[in-house]
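In: Quick one: sequence and predicted model below, then my questions.
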Amino acid sequence: MGRPIRVSIPRHVLSSENPVRQEYLSTIANMDLSIELFTPDPPGGHGPLGSFLNEEQYNESAVKHASQRDLDVESVHCTPLLSGCSSSGGKACADKVLDAQLGFQDRESGRDADDDGVSRYSYCDPSVFVFHPPRTYANENADLQRRRKRLVATLGNALYRLESNENLDSVPALTIENVCPRGPFEYLLTEASDVAKFEKARADLQREQPEDVEVPPVQFTVDLGHAPNPLAMLDAVGCPAHVHLHGSLPITETNRLQSIRDKYGIGEDALRGLKEPPGEVQHLPPQDGQHDLDRIVEVLVSLGYSGPVDLELAPPFRTSETLRKTIDALRTAGW
């Protein structure tokens, strides 16, 4: 038995009736792997609480589907924390986590209720919660370092809120993930050099606090597929809190991309939809990417990382056969 491996599963896939997807999920369970639940924004609801209630309901339904398939949700991957640099960011961040872990029940359920007549109960207990950092339009000329400082405060305040919540069985690690540039946006975490900027932001914020207040360290999910130089990103972070893994190839590598299409029996359109602005096709099986999988595993081990590598495979590669090949490649590389 090697080191832990986790598989990223979008919420809607857990309820899919597609036989290929059902076999894929069964293979994950049969190989005794856990999953990371990817939770894109749900459809908007009706009324002032519609969107909020939908988020909780969609998450609970997805966790229920996972449980029925003997799949443990051990981490949750959220969409960008758009309000993470605002004064209300701490509450928004904590609410996202609570919606992924707690459901609602009224007084008639027989459970103890809060003062508002609604009780919350735990249905999910992930160890890690992953956020994409907020983004801003490049033409806004925003002070990115000030935004990093605000995000550090948001994560610290959210953690305090969660640790004070008696309904939670445990509080997950709150992490931010490096992303690749997209569209007309600027991001707070894309390059290895951005890690030091977050460390400075935390130090600056700490100096402003009373002596008895400690600002929690920033915890990182390192996405090795999105990092321009994954080894440099790992060197900057040190031992990460969490790892996402997928392969990437420059679109100029036409021969290698054609060999991938042939190997997995997929059409050109399938890969065209995976192109990212840096000029790469991403979310490929990691063994087919441009980076040395053996070296990545070697560095993770040398850093003392003992958590899971979380596979983020694009839809064309979410098949039982591809998953088995990918697990074999990871085990051969020493994971």
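Out: That came in fine, so what should we check first?
In: now Leu313: how far from Arg202?
Out: 33 Å (CB to CB, to the nearest Å). From N, CA and C alone the C-beta is placed, and that goes for glycine too.
In: Repeat that for Asp212.
Out: Distance from Asp212 to Arg202, by CB to CB: 17 Å.
In: Could you check which of the two has the larger neighbour count?
Out: With neighbours defined as other CB atoms under 10 Å, Asp212 and Arg202 compare such that Arg202 has more, 21 against 5.
In: what sits against Gln287?
Out: 247, 293, 325-326, 329-330, 333 (CB atoms under 8 Å, 6 or more residues apart in numbering).
In: So the residue most central in space within the chain: helix, strand or coil?
Out: In the chain, the residue lying closest to the centroid (CA atoms, centre = their mean) is His77, at 3.3 Å. Following DSSP: H, G, I helix; E, B strand; the rest coil, His77 is assigned to strand.
In: got it, and the one 3 residues further on?
Out: Reducing the assignment at Pro80 to three states with three-state DSSP gives coil.
In: Could you measure from the closest residue to it other than its chain neighbours over to Tyr121?
Out: Spatial nearest neighbour of Pro80, chain neighbours left out: His132 (4.0 Å); criterion: CB to CB, 6 or more residues apart in numbering. Separation of His132 from Tyr121 (CB to CB) stands at 28 Å.
In: returning to that earlier point: was I right to think the residue nearest to the centre of the chain contacts Ile35?
Out: No - at 10.2 Å, His77 does not count as touching Ile35 under the criterion of CB atoms under 8 Å.
In: Can you pull the residues that touch both of these two?
Out: Ser8.
In: what number of residues lie near Thr322?
Out: Thr322 has 19 nearby residues by other CB under 10 Å.
In: please renumber so the chain begins at 430
Out: Sure thing, new numbering starts at 430, so read that last one as Thr751.
In: Can you give me the pLDDT of it?
Out: Looking at Thr751, its pLDDT reads 98.
In: In three-state terms, label it for me.
Out: Thr751 - assigned by three-state DSSP - is helix.
In: Which residue, neighbours along the chain excluded, lies closest to Leu722?
Out: Spatial nearest neighbour of Leu722, excluding adjacent residues (CB to CB, 6+ apart): Ala762 at 4.6 Å.
In: Columns pLDDT, distance to Pro706 and neighbour count on top of the contacts of Gln716, output as JSON lines?
Out: JSON lines is the format used below for the contacts of Gln716 (pLDDT from 0 to 100; distance: CB to CB, whole Å; neighbours: other CB atoms under 10 Å):
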{"residue": "Gly676", "pLDDT": "97", "distance to Pro706": "17", "neighbour count": "26"}
{"residue": "Leu722", "pLDDT": "97", "distance to Pro706": "24", "neighbour count": "22"}
{"residue": "Lys754", "pLDDT": "97", "distance to Pro706": "28", "neighbour count": "17"}
{"residue": "Thr755", "pLDDT": "98", "distance to Pro706": "25", "neighbour count": "24"}
{"residue": "Ala758", "pLDDT": "98", "distance to Pro706": "27", "neighbour count": "17"}
{"residue": "Leu759", "pLDDT": "98", "distance to Pro706": "28", "neighbour count": "22"}
{"residue": "Ala762", "pLDDT": "97", "distance to Pro706": "29", "neighbour count": "17"}
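In: For those, give me TSV that also has distance to Asp501 and secondary structure.
Out: Shown next, in TSV, are the contacts of Gln716 (distance: CB to CB, whole Å; DSSP: H, G, I helix; E, B strand; the rest coil):
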residue	distance to Asp501	secondary structure
Gly676	25	strand
Leu722	25	helix
Lys754	23	helix
Thr755	19	helix
Ala758	23	helix
Leu759	19	helix
Ala762	24	coil
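In: out of His561 and Tyr550, which sits in the busier spot?
Out: Using other CB under 10 Å, the more surrounded residue of His561 and Tyr550 is His561, with 21 against 13.
In: just checking, the more buried one touches Leu511?
Out: No - at 9.3 Å, His561 does not count as touching Leu511 under the criterion of CB under 8 Å.
In: Distance check, the residue nearest to Leu722 against Pro737.
Out: 15 Å.
In: one step back: got the contact list for the residue nearest to Pro509?
Out: 507-510, 605-606, 608.
In: all helices for the protein, in order.
Out: 448-459, 479-497, 518-530, 573-592, 622-636, 659-666, 683-693, 697-701, 722-731, 749-761 (DSSP state H).
In: Distance to Val672 for those helices - can I get that in JSON lines?
Out: Shown next, in JSON lines, are the helices of the chain (distance: least, CB to CB, whole Å):
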{"stretch": "helix 448-459", "distance to Val672": "18"}
{"stretch": "helix 479-497", "distance to Val672": "21"}
{"stretch": "helix 518-530", "distance to Val672": "20"}
{"stretch": "helix 573-592", "distance to Val672": "19"}
{"stretch": "helix 622-636", "distance to Val672": "15"}
{"stretch": "helix 659-666", "distance to Val672": "9"}
{"stretch": "helix 683-693", "distance to Val672": "23"}
{"stretch": "helix 697-701", "distance to Val672": "24"}
{"stretch": "helix 722-731", "distance to Val672": "7"}
{"stretch": "helix 749-761", "distance to Val672": "12"}
